[in-house]
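Participant: With the sequence up front, the predicted model follows.
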Amino acid sequence: MIYTVTFNPSLDYIVRLDSLKLGAVNRVNYENVLPGGKGINVSIVLNNLGHKSTALGFVADFTGREIVERTVGYGVDCDFVTVAEGMSRINMKLKAEDETEINGMGPKITPDDIDALYQKLDKLGKGDILVIAGSVPSMLPGDMYQRIMGRLEGRGVDIAVDAERDLLVNVLQYHPFVIKPNNHELGAIFGVELNKREEVVPYAKKLQEKGARNVLVSMAGEGAVFVSETGEVVMSEAPKGTVVNSVGAGDSMVAGFIAGYLESDGNYATAFKMGVCTGSASAFSPDLATRPEVENLLASL
């Protein structure tokens, strides 16, 4: 079974305006409400590709109920911890001349809530896949990734991690199954600028030396790089297409990689190709990638 964790999910209220005038009444010409959060995105794309998963994390109040309802509407099983105090956040994404985001705070998560999440994670075992993605909100311990991975160590759970800087580096000791930094995040870890696929490889291998099994690096229009635990290095140009919305593209790459890995009985090259095409399919669409969109890109490579 596949599980995803989103620590601070949101309702994303997306609006478009011809122009944004501060201090005045502005009327939108487009609006949409979506469940937000990296783990939730992974679960939605996995479902679009034909793979069931369970979304875990924390929700609260009426916004939390709406997040669950909308996520279930995408065919995802939800098993969130319901928090008593506060409300799940609403993130507003304003698209006008410039793109502006206003993010809410999220609920107050107590030690009892954290224990409730641990109890759900304690059910995972050999053959399960867990995706931990995104930032850790201020109301949680900064080492939540480490606590979860330390708790699951030795149980045979394959863990995928999509996080930045210390959140990523500090869990390498637990040998995550796959990590997915982008080239800018990878460069920030080592204090270098990485713009070309060939430049990424030695630094991806450095993360393997620190404990990562497989390293998947997304590079937007430059494509992607994959360095496997077997020593295989695979690079890909970005598929051709017009970028409509890059939000969720990295999460989609993670979902595509997992789907490809499962469908090919563990063939890393196939998993990588599926990940690249799934990430691109989301970038080329106003919504998250669907199976037909991914297959069209796979046929073009």
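Facilitator: Cool, the structure landed.

Participant: Show me where the stretch 151-300 of the chain has its helices.
Facilitator: In the stretch 151-300 of the chain, helices defined by DSSP state H, counting those that start in this stretch lie at 165-169, 183-190, 197-209, 249-263, 268-283, 291-300, listed in chain order.

Participant: and the third one, what does it pack onto?
Facilitator: What it means is helix 197-209. helix 183-190, strand 214-218, strand 224-227, strand 233-236 (3 or more C-beta pairs under 8 Å, 6 or more residues apart in numbering; DSSP states H and E). In short, each C-beta sits where N, CA and C put it, glycine included.

Participant: Output these in JSON lines; the columns should cover mean pLDDT, mean neighbour count and distance to residue 198.
Facilitator: Formatted as JSON lines, those follow (pLDDT from 0 to 100; neighbours: other C-beta atoms under 10 Å; distance: least, C-beta to C-beta, whole Å):
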{"stretch": "helix 183-190", "mean pLDDT": "91", "mean neighbour count": "18", "distance to residue 198": "12"}
{"stretch": "strand 214-218", "mean pLDDT": "95", "mean neighbour count": "26", "distance to residue 198": "12"}
{"stretch": "strand 224-227", "mean pLDDT": "94", "mean neighbour count": "26", "distance to residue 198": "9"}
{"stretch": "strand 233-236", "mean pLDDT": "91", "mean neighbour count": "18", "distance to residue 198": "8"}
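
Participant: out of those, which comes closest to residue 122?
Facilitator: Proximity to residue 122 (C-beta to C-beta) singles out strand 214-218 among these, at 25.2 Å.

Participant: Between helix 197-209 and the closest one, find me the angle.
Facilitator: Interaxial angle, strand 214-218 versus helix 197-209 (axes from the mean of the first three to the mean of the last three C-alpha atoms, to 10 degrees): 150 degrees.

Participant: Just the angle for strand 214-218 relative to helix 249-263, thanks.
Facilitator: 140 degrees.

Participant: a markdown table please, covering the helices of the stretch 151-300 of the chain and showing distance to residue 12.
Facilitator: Below are the helices of the stretch 151-300 of the chain laid out as a markdown table (distance: least, C-beta to C-beta, whole Å):
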| stretch | distance to residue 12 |
| --- | --- |
| helix 165-169 | 22 |
| helix 183-190 | 22 |
| helix 197-209 | 30 |
| helix 249-263 | 13 |
| helix 268-283 | 14 |
| helix 291-300 | 21 |
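
Participant: mind putting the helices and strands packed on helix 197-209 in a markdown table, distance to residue 118 included?
Facilitator: As requested, those are arranged in a markdown table below (distance: least, C-beta to C-beta, whole Å):
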| stretch | distance to residue 118 |
| --- | --- |
| helix 183-190 | 27 |
| strand 214-218 | 26 |
| strand 224-227 | 32 |
| strand 233-236 | 36 |
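
Participant: Please parse the chain into its domains.
Facilitator: 1-21+30-160, 177-301 (automatic domain parsing).

Participant: CA atoms of stretch 237-247 as CSV?
Facilitator: The C-alpha coordinates for stretch 237-247 follow below in CSV (Å, rounded to 0.1, in the frame of the first residue of the first chain):
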residue,chain,number,x,y,z
GLU,A,237,15.6,16.2,-21.7
ALA,A,238,12.2,17.8,-20.8
PRO,A,239,9.4,16.6,-23.0
LYS,A,240,8.1,19.2,-25.5
GLY,A,241,5.1,21.3,-24.5
THR,A,242,3.8,24.6,-23.2
VAL,A,243,4.0,25.1,-19.5
VAL,A,244,0.6,26.1,-18.2
ASN,A,245,1.1,25.7,-14.4
SER,A,246,4.2,24.4,-12.7
VAL,A,247,2.5,23.9,-9.3
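
Participant: For it, list every residue counted as buried.
Facilitator: By neighbour count on 16 or more other C-beta atoms under 10 Å, the buried set for stretch 237-247 is 238-239, 247.

Participant: quick one: low-confidence parts of this structure?
Facilitator: Scanning the chain for pLDDT under 70 picks out no residues.

Participant: which residues in it form strands?
Facilitator: 2-6, 10-16, 30-36, 53-60, 77-78, 81-83, 89-95, 99-102, 129-133, 158-162, 178-179, 214-218, 224-227, 233-236 (DSSP state E).

Participant: Let's have the ones you listed in JSON lines, adding distance to residue 270.
Facilitator: Listed next are the strands of the chain as JSON lines, based on distance: least, C-beta to C-beta, whole Å:
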{"stretch": "strand 2-6", "distance to residue 270": "17"}
{"stretch": "strand 10-16", "distance to residue 270": "32"}
{"stretch": "strand 30-36", "distance to residue 270": "29"}
{"stretch": "strand 53-60", "distance to residue 270": "20"}
{"stretch": "strand 77-78", "distance to residue 270": "26"}
{"stretch": "strand 81-83", "distance to residue 270": "35"}
{"stretch": "strand 89-95", "distance to residue 270": "34"}
{"stretch": "strand 99-102", "distance to residue 270": "35"}
{"stretch": "strand 129-133", "distance to residue 270": "16"}
{"stretch": "strand 158-162", "distance to residue 270": "16"}
{"stretch": "strand 178-179", "distance to residue 270": "14"}
{"stretch": "strand 214-218", "distance to residue 270": "13"}
{"stretch": "strand 224-227", "distance to residue 270": "11"}
{"stretch": "strand 233-236", "distance to residue 270": "10"}
